[in-house]
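Undergrad: what follows is a predicted structure for the sequence shown.
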Amino acid sequence: MARPARLRRRNCYHGRLSGAGQAGVVPAGPPPGSSIVSHYDHILCIGAGYVGGPTMAMIAARCPHLKVTVVDINQARIDAWNSDDLPIFEPGLDEVVRAARGRNLFFSGDIAGGIRDADVIFVSVNTPTKTFGQGAGQAADLQHWEKTARQILAHATRDKIVVEKSTLPVRTAQAMERILNHNGHGLRFDVVSNPEFLAEGTAIRDLEDPDRILIGAHETPEGRRARTVIADIYANWVPRERIIESNLWSAELSKLTANAFLAQRISSINSISALCEATEADVDEVAYAIGTDSRIGPRFLKASVGFGGSCFRKDILNLVYICRGYGLDEVADYWESVIAINDWQQARFVHNMLANMFNTVAGKRIALFGFAFKADTGDTRESAAIGVTRQLVAEQARVVVTDPKALDNARIDLAPQAGLVEFEPDPYEAARGAHAIAVLTEWKLYRELDYARILAGMERPAFIFDGRNILDHARLHAMGFNVFAIGKAPLKHF
Ligand code: UDX
């Protein structure tokens with residue numbers, strides 16, 4: 001998908017960090033017991049995106065003794081980071097940036113100067129799925145990463161630690177080390193892997209209070225020393241016991257594995273949702289029942305129309321590609337099935353709509369409630385709503401999309417369907433004259449609408465397809481709606 005010069009805005013919800021002004025509260029200096037970090041006080045991050053910007057802002061806010069500079073080839077993005085209108089919205093981000101910007105946090109377009117000054121360089125450039133050549137559609141496109149490595153080499157005048165922050169295939173560090181250390185200048189580069197686990201919408205909370213920080217390095221004296229330097233940075237605010245040290249390859253693989261496991265849980269419960277619909281079991285009850293087993297746990301068991309977001313699909317495809325590269329076809333097939341179930345779940349949702357609306361939606365107005373890939377963000381990357389809309393348009397439905405924050409991105413995603421889809425910020429207007437509503441994002445506001453008023457303006461029979469299981473189905477049914485939820489018996493009037 002083409003990306004505009006500026007990061008796509010995600011003006012999402014206006015929640016604040018709990019704990020007043022945490023970002024402004026900074027410790028006095030390096031953590032006790034740290035002897036190395038003071039020699040490494042110039043931090044550079046290459047890549048001012050979703051990960052680099054917030055992560056560096058948090059490091060700067062929490063480590064006033066360090067100078068943190070963020071550079072990017074995209075000057076418009078840098079200008080936005082230097083303005084009052086940051087290029088991304090995350091609850092609490094403004095406060096963190098304001099606390100440190102101009103003091104020890106700088107956003108700059110001077111990549112060469114930044115590299116020269118830096119002791120530690122975090123690399124946080126994007127690694128999208130490759131769209132060409134070998135591995136197209138699965139492998140990670142590493143061209144930005146390699147260019148960055150060569151840039152570091154071109155401008156470095158002393159030894160540096162290079163930190164992989166981008167999600168990368170296992171053993172990328174090896175390639176980086178080879179490029180960096182065969183330099184003929186006698187310079188030494190230690191490559192460390194420090195994958196990011198933050199989720200959109202909760203990035204600042206995740207950075208502030210992470211479950212863990214993972215740092216991988218070679219088990220050599222130099223590798224261990226580099227790892228300690230990075231651990232010391234985080235130890236300014238993260239308890240030491242949450243800082244996990246591992247070898248390089250484990251750290252790289254853990255990032256892909258974490259996302260694959262999270263996505264797998266969603267595909268697992270979504271697969272069971274189909275069985276629930278067939279048997280009249282209720283998927284929310286099943287999820288609750290299994291989630292109370294402490295070995296399973298309750299999170300990431302919410303059945304839905306399918307997962308989206310920039311990471312899950314990309315990282316699983318990458319994992320699958322790597323497995324195939326090592327001849328592990330069974331392992332690749334296993335993880336690929338997580339994506340297959342997700343695609344199937346989306347298709348199944350549209351099929352249910354069609355089947356229950358008398359096998360035709362042609363010419364029928366259908367209101368899609370939500371287009372973002374999850375609530376509290378305007379981000380639509382890989383959103384299930386994209387596939388659902390395309391399939392409905394292919395069935396010649398008159399689709400109207402509503403979303404409190406994602407309509408701009410929806411217009412970009414649906415450019416090929418221009419003229420065939422309507423965009424309407426007001427859900428009441430979107431539903432007026434519609435045969436059906438499909439809830440595709442779990443925005444809280446959709447729970448709170450006046451559905452009696454909505455029903456009054458709809459065609460009959462009126463349908464609601466709740467792709468997020470957020471509505472009060474019994475109440476809607478009593479009102480007169482025909483209600484179809486994920487993994488639940490339908491509530492119909494015919
Ligand atoms: C994810 C990982 O959580 C994060 O650790 C990683 O660094 C980046 O990828 P993110 O993409 O921001 O973060 O969103 P996340 O909250 O994980 O949700 C992903 C998708 O799964 C969304 O579409 C969400 O709606 C869906 N989801 C999530 C479900 O359908 N059911 C669930 O139970 C949980």
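TA: Happy to help now that I have it.

Undergrad: and the pLDDT at whatever residue of the chain ends up closest to the ligand?
TA: Relative to the ligand, the nearest point of the chain is Gly309 (2.8 Å; C-beta to the nearest ligand atom). All C-beta atoms are positioned from the backbone trio N, CA, C, and that covers glycine. If you check Gly309, the pLDDT there is 95.

Undergrad: go on, Thr167?
TA: Reported pLDDT for Thr167: 73.

Undergrad: that one: what secondary structure?
TA: Three-state assignment for Thr167 (DSSP: H, G, I helix; E, B strand; the rest coil): coil.

Undergrad: next: Phe197.
TA: Under three-state DSSP, Phe197 falls in the coil class.

Undergrad: what parts of this protein come near the ligand?
TA: With C-beta under 6 Å from any ligand atom as the criterion, the chain meets the ligand at residues 196-200, 259, 262, 266, 300-302, 304, 307-309, 311-312, 373-374.

Undergrad: still on that earlier bit, number of residues surrounding the residue of the chain closest to the ligand?
TA: By other C-beta atoms under 10 Å, 21 other residues sit near Gly309.

Undergrad: is it in contact with Lys374, as I believe?
TA: Yes: using C-beta atoms under 8 Å, Gly309 makes contact with Lys374 at a distance of 6.9 Å.

Undergrad: restricted to helices, list the residues of the chain next to the ligand.
TA: In helices, defined here by DSSP state H, the members of these are 259, 262, 266, 312.

Undergrad: and the furthest pair within the residues you listed?
TA: Distance extremes for these: the farthest pair is Asn259 and Ile266 at 11.0 Å, using C-beta to C-beta.

Undergrad: residues contacting Val125?
TA: Shown in contact with Val125 (C-beta atoms under 8 Å, 6 or more residues apart in numbering): 46-47, 49, 144-145, 148, 166.

Undergrad: most neighbours, which of those residues?
TA: When neighbours are taken as other C-beta under 10 Å, the top entry among the contacts of Val125 is Ile46 (29 neighbours).

Undergrad: who does that one bridge with?
TA: Val71, Val123 (DSSP bridges).

Undergrad: give me every residue that touches it.
TA: Ile46 makes contact with 52, 71-72, 111, 114-115, 121-125, 148, 151-152 under the criterion C-beta under 8 Å, 6+ apart.

Undergrad: need these in JSON lines (columns: distance to Asp408).
TA: Shown next, in JSON lines, are the contacts of Ile46 (distance: C-beta to C-beta, whole Å):
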{"residue": "Gly52", "distance to Asp408": "23"}
{"residue": "Val71", "distance to Asp408": "27"}
{"residue": "Asp72", "distance to Asp408": "22"}
{"residue": "Ile111", "distance to Asp408": "29"}
{"residue": "Gly114", "distance to Asp408": "31"}
{"residue": "Ile115", "distance to Asp408": "35"}
{"residue": "Ile121", "distance to Asp408": "33"}
{"residue": "Phe122", "distance to Asp408": "30"}
{"residue": "Val123", "distance to Asp408": "29"}
{"residue": "Ser124", "distance to Asp408": "24"}
{"residue": "Val125", "distance to Asp408": "24"}
{"residue": "Thr148", "distance to Asp408": "29"}
{"residue": "Gln151", "distance to Asp408": "32"}
{"residue": "Ile152", "distance to Asp408": "35"}
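
Undergrad: low-confidence stretches in the stretch 51-200 of the chain?
TA: 170 (pLDDT under 70).

Undergrad: mind listing the helices for it?
TA: Using DSSP state H, counting those that start in this stretch, the helices of the stretch 51-200 of the chain run over residues 52-62, 75-81, 93-100, 111-117, 143-155, 172-181.

Undergrad: ok, which of the ones you listed comes nearest Gly135?
TA: helix 143-155 (12.5 Å).

Undergrad: which residues touch the closest one?
TA: Helix 143-155 has contacts (C-beta under 8 Å, 6+ apart) with 46-47, 111-112, 115-116, 121, 123, 125-127, 160, 162, 166, 168, 172, 175-176, 179-180, 183, 189.

Undergrad: buried sites along it?
TA: For helix 143-155, the neighbour count (16 or more other C-beta atoms under 10 Å) marks 144-145, 148-149, 151-153 as buried.

Undergrad: what of stretch 275-293?
TA: Within stretch 275-293, the residues scored as buried using 16+ other C-beta under 10 Å are 276-277, 282-284, 286-287, 290-291.

Undergrad: tell me which entries of the residues you listed lie within helices.
TA: Secondary structure of the buried residues of stretch 275-293 is defined by DSSP H; positions in helices are 276-277, 283-284, 286-287, 290-291.

Undergrad: now the two most distant members of those residues.
TA: Greatest spatial distance among these (C-beta to C-beta): Glu277 and Gly291, at 19.7 Å.

Undergrad: gap between Lys160 and Lys67?
TA: 15 Å (C-beta to C-beta, to the nearest Å).

Undergrad: which one of those two is surrounded by more residues?
TA: Lys160 (23 against 18).

Undergrad: so what's that one up against?
TA: Shown in contact with Lys160 (C-beta under 8 Å, 6+ apart): 118-121, 152, 187, 189-190.

Undergrad: 6 Å instead, please
TA: Lys160 makes contacts with 121, 189, as judged by C-beta atoms under 6 Å, 6 or more residues apart in numbering.

Undergrad: and if you look at Pro128?
TA: By C-beta under 6 Å, 6+ apart, the residues touching Pro128 are Asp141.

Undergrad: please repeat the previous calculation with a cut-off of 7 Å.
TA: 141, 314 (C-beta atoms under 7 Å, 6 or more residues apart in numbering).

Undergrad: now the ones in helices among the buried residues of stretch 275-293 in JSON lines, with pLDDT and distance to Tyr40?
TA: Listed next are those as JSON lines, based on pLDDT from 0 to 100; distance: C-beta to C-beta, whole Å:
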{"residue": "Cys276", "pLDDT": "98", "distance to Tyr40": "54"}
{"residue": "Glu277", "pLDDT": "97", "distance to Tyr40": "56"}
{"residue": "Val283", "pLDDT": "98", "distance to Tyr40": "50"}
{"residue": "Asp284", "pLDDT": "98", "distance to Tyr40": "50"}
{"residue": "Val286", "pLDDT": "98", "distance to Tyr40": "50"}
{"residue": "Ala287", "pLDDT": "98", "distance to Tyr40": "46"}
{"residue": "Ile290", "pLDDT": "98", "distance to Tyr40": "46"}
{"residue": "Gly291", "pLDDT": "98", "distance to Tyr40": "43"}
